[in-house]
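Colleague: sequence and predicted structure are below.
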Amino acid sequence: MNCDALKKAIREVPDFPKPGILFYDITPVLADAKLFQQSIAVLCERHVKQKPKTVAAIDARGFIFGAAVAQKLGVGFIPIRKKGKLPFTTLDESYDLEYGSATISMHVDAVKKGDTILIVDDLLATGGTAAACARLIERQGGKIVEIAFLIELAGLKGRAKLTRYPVFSAIVYEGG
């Protein structure tokens, strides 16, 4: 699927959230019904014939795309949240960031052994969050069928942390 219209709609915001960072703003895609539908279609197209059991998505922008992908595929949805945000018993996974560390959580009963899971997020940057999400799912016996992103910042080399998994990015920016 051609993603030129999606790429054209993504707004580049310099110096956000801090000087030297170029932020790729997806809100123009979300505001346009046809573009939003196209973004979901491109994330779903490889999974229509052989659907995963569920879609997992990462807090917060990943929820927008992940829930829509799950709905379109007709499968369940697993929210992966920041530690302390889920109400039931959780399994946690910590990972390093450029400026410290973070922990994500998933309900202990969200994944059963052998479940096939598609992970969806809006952006692949350094890959730490997606890798932690995959580890969390695998600890419960889930099998990652793919990690799919709307956008990839190739210059940040996030794929290097995800070499064990099939990775798809609809739009790739060479910089970081």
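Modeller: Looks like it arrived, so ask away.
Colleague: over to the residue nearest to the spatial centre of the chain. Which of the three states is it?
Modeller: The centre of the chain sits closest to D121, judged by Cα atoms, centre = their mean, with a distance of 1.5 Å. Three-state call for D121 (DSSP: H, G, I helix; E, B strand; the rest coil): strand.
Colleague: tell me the spacing between it and D109.
Modeller: 22 Å (Cβ to Cβ, to the nearest Å). For glycine as for every other residue, the C-beta is placed from the backbone atoms N, C-alpha and C.
Colleague: so which bits of stretch 12-28 are buried?
Modeller: Using 16 or more other Cβ atoms under 10 Å as the test for burial, stretch 12-28 gives 24, 26.
Colleague: so what touches it?
Modeller: Stretch 12-28 is contacted from outside by 9-11, 35, 61, 122-123, 150-151, 153, 173, 175, using Cβ atoms under 8 Å, 6 or more residues apart in numbering.
Colleague: switch the cut-off to 7 Å
Modeller: Stretch 12-28 has contacts (Cβ atoms under 7 Å, 6 or more residues apart in numbering) with 9-11, 61, 122-123, 150-151, 173.
Colleague: which two among those residues are spaced furthest apart?
Modeller: The span of those, defined through Cβ to Cβ, is set by R61 and Y173 at 16.2 Å.
Colleague: ok but L6 is inside a helix, no?
Modeller: Yes. Counting by three-state DSSP, L6 is found in a helix.
Colleague: so who does it touch?
Modeller: Contacts of L6 (Cβ under 7 Å, 6+ apart): 29, 35, 38-39, 170-171.
Colleague: now do 8 Å
Modeller: 29, 35, 38-39, 42, 150, 170-171.
Colleague: cool, F65 as well?
Modeller: F65 touches 39-40, 43, 57, 120-122, 150, counting by Cβ under 8 Å, 6+ apart.
Colleague: and the pLDDT at it?
Modeller: Looking at F65, its pLDDT reads 98.
Colleague: show me what P14 is bridged to.
Modeller: L22 (DSSP bridges).
Colleague: where exactly do the strands run in the chain?
Modeller: 11-14, 22-25, 54-58, 76-82, 90-97, 100-107, 116-124, 143-153, 167-173 (DSSP state E).
Colleague: those strands into JSON lines, with extra columns for mean pLDDT?
Modeller: Shown next, in JSON lines, are the strands of the chain (pLDDT from 0 to 100):
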{"stretch": "strand 11-14", "mean pLDDT": "96"}
{"stretch": "strand 22-25", "mean pLDDT": "94"}
{"stretch": "strand 54-58", "mean pLDDT": "97"}
{"stretch": "strand 76-82", "mean pLDDT": "97"}
{"stretch": "strand 90-97", "mean pLDDT": "92"}
{"stretch": "strand 100-107", "mean pLDDT": "94"}
{"stretch": "strand 116-124", "mean pLDDT": "97"}
{"stretch": "strand 143-153", "mean pLDDT": "98"}
{"stretch": "strand 167-173", "mean pLDDT": "98"}
